[in-house]
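1. Pasted the sequence and its predicted model underneath.
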Amino acid sequence: MKIEQFDDKGLSHFSYAILSECAREIVLIDPARNPQPYYDYAKQHDAKIVAVIETHPHADFVSAHLEIAQATGAVIRVSKLLGADYAHEAFDEGDSFTVGKLTFRALNTPGHSPDSISIVLAHEGQDAAVFTGDTLFIGDVGRPDLREKAGNIQAKREELAAQLYHSLREKLMPLPAAVLVYPAHGAGSLCGKATSGANSSSIGAEKAGNPMLRAMSEADFIEELLADQPFIPKYFGYDVALNKAGAPAYAPSVQEVPRLAAGATLAAGAVVIDSRPETEFKKGYVAGAINIQQGGKFETWLGSIVGPEEPFYLLAADAATLEDLIQKTAKIGYEPLIKGALVGTPATAATIPALDVAQFRQHPERYTIVDIRNPVEHRDEPIFAGSLSIPLPELRERAQEIPTNKPVVVHCAGGYRSAAGSSILADALAGTQVMDLGEAVKSFQIASAAH
């Protein structure tokens with residue numbers, strides 16, 4: 001038996017290939033959008049992919065389960081509660097199947113979503129590992145607030161939090177301490193709020209060290225779990241629906257994105273995503289463009305700022321970057337929204353002036369300071385007294401809340417988000433000087449901490 005973990009660092013997503021060496025057959029769990037790495041793994045081991053299991057309809061990425069099944073003849077197994085629109089076999093508590101000397105059995109573990117399952121893997125009759133999807137993470141548990149308006153079954157967060165309490169304590173914690181835990185996400189995923197940087201653990205280690213598995217009442221668990229959950233990106237509900245239906249094949253869909261010639265005319269009023277480095281962007285860009293840079297979690301911020309009903313143009317500094325960003329866009333199922341992709345920028349009339357940091361440091365009261373970090377960051381790590389808190393995912397909708405009687409300075413925690421935020425406000429607050437504090441915010445954080 002071999003368990004191969006595939007790590008998509010951009011989305012902090014783990015998927016798995018479990019190889020039965022005697023049968024030369026592979027079972028995949030929660031595959032990413034691009035199926036090629038799994039095909040390569042199968043070829044490398046002279047094995048056949050015979051099953052794909054989805055722990056739930058994912059909100060934060062698009063899965064290739066349907067494409068892989070169509071290409072290989074593999075059986076898709078999901079909970080009947082998912083209401084899948086594609087051919088599948090129901091895989092719920094009491095169901096199991098064998099591949100060589102391996103047995104896979106389902107546990108219904110609702111809480112992150114009503115249709116979540118965990119998969120226990122036994123080798124020669126001994127439980128060896130459990131694939132927990134978004135139910136149990138390393139050092140954390142899944143968030144319960146993503147299915148209030150999405151999916152075949154919808155439920156209030158309080159109801160799902162209560163279900164999660166019981167799933168953890170009645171289904172997962174009773175497993176043997178030595179059973180390895182393999183979750184669908186690691187640190188940085190928006191499907192949890194305090195996930196560890198580790199990529200695997202064990203039931204025993206989680207019972208000893210995961211704060212959400214400590215002894216507590218159901219009411220205390222619900223209260224603690226619901227507090228300070230991260231924002232919900234705009235694309236999450238869209239991806240739940242796309243995964244329930246089954247996404248189109250990856251490579252053909254990426255190829256269908258229109259590649260435009262440099263300098264092509266862009267349709268008026270369309271959203272423009274300019275991924276160039278912020279120093280280049282600020283020197284000249286298409287009026288109204290949003291600067292989401294290639295670095296950082298591009299796909300997450302794209303799907304947080306731009307809604308799934310908004311077609312957009314995608315601009316990059318060079319051809320290789322452009323192709324990389326189209327592929328990242330496809331990871332969240334947004335590639336059909338790209339009206340056109342091109343290198344460079346067709347216009348450079350709009351600019352964002354540089355901030356005189358020394359002057360700002362001396363007289364911050366002369367500026368309207370907009371903190372676009374998450375509310376918890378703004379609350380727990382204050383930097384500027386009296387700053388206005390509007391998180392980046394809400395900035396386009398709430399820009400008119402910002403006073404315009406002073407120049408506006410935008411900041412985040414390190415400069416990546418504020419590049420996007422300043423570009424949004426420069427367009428939304430026409431006639432008002434908007435500037436980006438950028439990486440200089442780090443020196444203010446140090447000064448704030450010293451006080």
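-> Structure received.
2. Next, residue 374: phi, psi?
-> Note on residue 374: backbone dihedrals following degrees, to the nearest 10 are phi -70, psi 150.
3. scratch that, residue 3 is what I was asking about
-> Backbone torsions for residue 3, taken as degrees, to the nearest 10, come to phi -110, psi 120.
4. cool, and the one 5 residues further on?
-> Residue 8 has phi and psi values of phi -100, psi 100 when expressed as degrees, to the nearest 10.
5. isn't it right up against residue 331?
-> Yes: using CB atoms under 8 Å as the test, residue 8 is close enough to residue 331 to be in contact (7.3 Å). Yep, even glycine has a C-beta here, placed from its N, CA and C like the rest.
6. so what's in contact with the two at the same time?
-> Overlap of the contact sets of residue 8 and residue 331 (by CB atoms under 8 Å, 6 or more residues apart in numbering) consists of 32, 61.
7. ok, the two, which is more surrounded?
-> Each of residue 8 and residue 331 has its neighbours counted (other CB atoms under 10 Å); residue 331 has more, 25 against 19.
8. so what's that one up against?
-> Residues counted as contacts of residue 331 (CB under 8 Å, 6+ apart) are 8, 10-11, 32-34, 61-62, 299.
9. For PyMOL, write the selection for the buried entries among those residues.
-> In PyMOL syntax, the buried subset of the contacts of residue 331 is picked out as below (16 or more other CB atoms under 10 Å):
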select buried, resi 8+10+11+32+33+34+61+62+299
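10. Narrow the contacts of residue 331 to those in helices?
-> Counting by DSSP state H, the part of the contacts of residue 331 found in helices is residue 299.
11. Can you tell me which of the contacts of residue 331 end up in strands?
-> Here DSSP state E is the test, and the contacts of residue 331 give residue 8 as lying in strands.
12. Output the contacts of residue 331 in CSV, with distance to residue 307 and pLDDT appended to each entry.
-> Shown next, in CSV, are the contacts of residue 331 (distance: CB to CB, whole Å; pLDDT from 0 to 100):
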residue, distance to residue 307, pLDDT
8, 23, 94
10, 20, 91
11, 19, 93
32, 23, 98
33, 19, 98
34, 24, 98
61, 17, 97
62, 16, 98
299, 15, 96
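13. Pick the one among the contacts of residue 331 closest to residue 112.
-> residue 61 (14.4 Å; CB to CB).
14. need the contact list for residue 434.
-> Contacts for residue 434 (CB under 8 Å, 6+ apart) come out as 352, 407-408, 410, 422, 425-426.
15. what about 6 Å?
-> 408, 422, 425-426 (CB atoms under 6 Å, 6 or more residues apart in numbering).
16. so where do the helices sit in the stretch 201-350 of the chain?
-> Using DSSP state H, counting those that start in this stretch, the helices of the stretch 201-350 of the chain run over 203-209, 218-226, 236-245, 250-255, 278-283, 298-305, 319-331.
17. residues near residue 306, how many?
-> Quick note: residue 306 (other CB under 10 Å) scores 22 neighbours.
18. just residue 279 next, same as before
-> Residue neighbour count, defined by other CB under 10 Å, stands at 10 for residue 279.
19. Distance of it relative to residue 233?
-> Between residue 279 and residue 233 the computed distance is 27 Å (CB to CB, to the nearest Å).
20. Tell me where the model's unsure across the stretch 251-400 of the chain.
-> Of all residues in the stretch 251-400 of the chain, none has pLDDT under 70.
21. Return the member of the contacts of residue 331 nearest to residue 198.
-> Taking the contacts of residue 331 together and measuring to residue 198 by CB to CB, the closest member is residue 8, at 16.3 Å.
22. Please name the bridge partners of the closest one.
-> Counting by DSSP bridges, residue 8 forms beta bridges with residue 13.
23. Distance of it relative to residue 255?
-> Note on residue 8: its distance to residue 255, by CB to CB, is 21 Å.
24. Then residue 151?
-> Relative to residue 255, residue 151 is positioned 30 Å away (CB to CB).
25. Skipping its backbone neighbours, what lies nearest residue 245 in space?
-> What sits nearest to residue 245 in space, not counting adjacent residues and going by CB to CB, 6 or more residues apart in numbering, is residue 85, at 4.7 Å.
26. And residue 264, by the same measure?
-> Nearest to residue 264 is residue 342, by CB to CB, 6+ apart, at 5.7 Å.
27. these two touch, right, that neighbour and residue 260?
-> Yes: if you go by CB atoms under 6 Å, residue 342 and residue 260 touch, sitting 4.1 Å apart.
28. Contacts only, for the residue nearest to residue 264.
-> For residue 342, the contact set (CB under 6 Å, 6+ apart) comprises 260, 262, 264, 315.
29. beta partners for it?
-> Going by DSSP bridges, residue 342 is paired in beta bridges with residue 315.
30. Just to be sure, residue 104 is in a strand?
-> Yes: counting by DSSP: H, G, I helix; E, B strand; the rest coil, residue 104 is part of a strand.
31. Sounds good, over and out.
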